[in-house]
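In: please work out how this folds:
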Amino acid sequence: MKTFNELALSGGEYIEYISKETKIVFDEYSKTQTLDFPKWHQINFCIGDFTSKIRGNEELKMLIVFSESYTNDIVESLFFMSQLPFEDDNERRNFNSLINYWKNFDSNNKIQPLKVEKSGCYIATMVYGNYNHPQVLILRDYRDNTLLKSHLGRLFVKTYYAFSPFFVQLLKRHDKINHLIKKGLDNLIKSIESKKTINK
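Out: I've put the predicted structure just below:
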């Protein structure tokens, strides 16, 4: 993917281009759970590039203001992007700056800023691709309501947060290893859920 100026497209054509590429990446991730990070970064860059052009170009801004279909295309692209994995909190913050701008054009309130992790499940978020993925929520609940209530549990959590960011950086490009981690976490979550059912 190239920048707005490099492609020499009209504003509407560039929006359609971004929308098409976003859907391709999202559909591929939905099928394989493997993200094409270079293309993801390019799409993110293109939306940022176009957003910066709008801020300095009244003609482009009017195109967005008076064309609901183009506005919807950008909002939908941002929505799809928000469902994909982010590598770190800096990426989330940068993405949130785009969300905060385009929310002004989002009449259906479809896009929301991403949560920036303060004490998140780093490895689980990497594996499942989203801080608010249902599986990650189960693990966070287990951390808060089980592990943190015992001395050994608190020690484990403290050790986990000391080393997990390092392992996230080390393993984030290794899909096969992440797949194995995901299987292990899935089994752990099944065990947690079954114990909840027994204790009810």
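
In: only C-alpha atoms for contact and neighbour calcs from this point on.
Out: Fine.

In: could you point out which element follows the helix or strand of the chain with the lowest mean pLDDT?
Out: Across the helices and strands of the chain, mean pLDDT, DSSP states H and E gives its lowest value to helix 4-7, namely a mean of 54. Later in the chain than helix 4-7, the nearest helix or strand by DSSP states H and E is helix 11-32.

In: so what touches that next one?
Out: 4, 34-36, 39-40, 43, 46-47, 60, 63, 70, 73-74, 76-77, 80-81, 84 (Cα atoms under 8 Å, 6 or more residues apart in numbering).

In: C-alpha coordinates for it, PDB please?
Out: Only the C-alpha atoms of helix 11-32 are listed here, as PDB (Å, rounded to 0.1, in the frame of the first residue of the first chain):
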ATOM      1  CA  GLY A  11     -10.100  11.300  -1.900                       C
ATOM      2  CA  GLY A  12     -13.000   8.900  -2.600                       C
ATOM      3  CA  GLU A  13     -10.800   6.400  -4.500                       C
ATOM      4  CA  TYR A  14      -8.200   6.400  -1.600                       C
ATOM      5  CA  ILE A  15     -11.000   5.700   0.900                       C
ATOM      6  CA  GLU A  16     -12.300   2.800  -1.200                       C
ATOM      7  CA  TYR A  17      -8.700   1.500  -1.500                       C
ATOM      8  CA  ILE A  18      -8.200   1.600   2.300                       C
ATOM      9  CA  SER A  19     -11.600  -0.100   2.800                       C
ATOM     10  CA  LYS A  20     -10.900  -2.900   0.300                       C
ATOM     11  CA  GLU A  21      -7.400  -3.700   1.800                       C
ATOM     12  CA  THR A  22      -8.800  -3.600   5.400                       C
ATOM     13  CA  LYS A  23     -11.500  -6.200   4.600                       C
ATOM     14  CA  ILE A  24      -8.900  -8.400   2.900                       C
ATOM     15  CA  VAL A  25      -6.700  -8.400   6.100                       C
ATOM     16  CA  PHE A  26      -9.600  -8.800   8.400                       C
ATOM     17  CA  ASP A  27     -11.100 -11.700   6.500                       C
ATOM     18  CA  GLU A  28      -7.800 -13.500   6.300                       C
ATOM     19  CA  TYR A  29      -7.300 -13.100  10.100                       C
ATOM     20  CA  SER A  30     -10.800 -14.300  10.700                       C
ATOM     21  CA  LYS A  31     -10.100 -17.500   8.800                       C
ATOM     22  CA  THR A  32      -6.600 -18.300   9.900                       C
END
